[in-house]
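build me a model from this:
(chains A and B)
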Amino acid sequence: EAQVTQNPRYLITVTGKKLTVTCSQNMNHEYMSWYRQDPGLGLRQIYYSMNVEVTDKGDVPEGYKVSRKEKRNFPLILESPSPNQTSLYFCASSFDGSGSYEQYFGPGTRLTVT
Amino acid sequence: SQQGEEDPQALSIQEGENATMNCSYKTSINNLQWYRQNSGRGLVHLILIRSNEREKHSGRLRVTLDTSKKSSSLLITASRAADTASYFCATEPGRGTYKYIFGTGTRLKVLA
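Numbers count the residues shown, from 1 in each chain, chains lettered A, B, ... in the order given. Here you go, the predicted model:
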């Protein structure tokens, strides 16, 4: 089954404790992206990757890191989480980043930073 | 921020009625996509319309695009309770930018 998986689905952590949210897709997609969703603000793009070892900043990259060492995986790293990073996070992938193809979204990771 | 905007923010209708939601964006676009999100879940792609298209249909969905007004509308005909969800438009602001701008969403509630 074609899918995007994220782990963990729920995470409660404390300020400053490094964490990683994993994302994996099994569709051989070139393009992967991370979004955060906050009430009233819709989805905002954090980082995206056009292919292995190629990443770039989205609209709200501050406080986040990513890496793309393999085509299927695109982890999101919070080196020193803060309460303003409490949000619902989505990973997505697409055939390419041209906008001509739909994005497939993961189920989401609800992160709470206290 | 280049956040797109959707209108209305919330919409409540009776089953069988039509639902129309609008999306406005700020820059020239390559394509515009509409997505649906059921409460707190991942988004699901509904339909894509290219910048050189004015209207597109898919089942009970009809999308229009007016690039001169930088706006799009999504019409759901003969709505069902299962259509209850949030709907988002997404644009790529220019060819080859690889970035996506999502609207703030319309929450649709269809009453049985």
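
do me a favour and average the pLDDT over stretch A:58-69.
Averaging pLDDT along stretch A:58-69 gives 96.

equivalent analysis for stretch B:65-75, please.
95.

and stretch B:6-18, by the same measure?
Mean pLDDT, stretch B:6-18: 94.

what's the answer for stretch A:93-110, then?
The average pLDDT for stretch A:93-110 rounds to 87.

can you point out the buried residues in stretch A:45-65?
Residues A:45, A:46, A:47, A:48, A:49, A:50, A:55, A:58, A:59, A:60, A:61, A:64 are the ones in stretch A:45-65 that count as buried (16 or more other C-beta atoms under 10 Å in any protein chain shown). (C-beta placed from N, C-alpha, C; glycine too.)

ok, residues contacting it?
Contacting residues not belonging to stretch A:45-65 are listed as A:30-36, A:44, A:66-71, A:74, A:76-82, A:85, A:89, A:96-97, B:1-2, B:98-102 [C-beta atoms under 8 Å, 6 or more residues apart in numbering or on different chains].

for residue A:52, see how far away the residue nearest the centre of chain A is.
Centroid-nearest residue in chain A, with C-alpha atoms, centre = their mean: residue A:34, separated by 2.8 Å. Separation of residue A:34 from residue A:52 (C-beta to C-beta, to the nearest Å) stands at 16 Å.

got it, and residue A:46?
19 Å.

if we ignore the residues flanking it in sequence, what's nearest residue B:28?
Counting by C-beta to C-beta, 6 or more residues apart in numbering or on different chains, residue B:28 lies nearest to residue B:94, which is 6.3 Å off, once chain neighbours are set aside.

make that residue B:16, sorry
Spatial nearest neighbour of residue B:16, excluding adjacent residues (C-beta to C-beta, 6+ apart): residue B:78 at 5.9 Å.

residues in contact with that neighbour?
Listed by C-beta under 8 Å, 6+ apart, the contact set of residue B:78 reads B:16, B:18, B:60.

in a markdown table, list the residues you listed along with distance to residue B:84 and secondary structure.
Shown next, in a markdown table, are the contacts of residue B:78 (distance: C-beta to C-beta, whole Å; DSSP: H, G, I helix; E, B strand; the rest coil):
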| residue | distance to residue B:84 | secondary structure |
| --- | --- | --- |
| B:16 | 14 | coil |
| B:18 | 15 | coil |
| B:60 | 14 | coil |
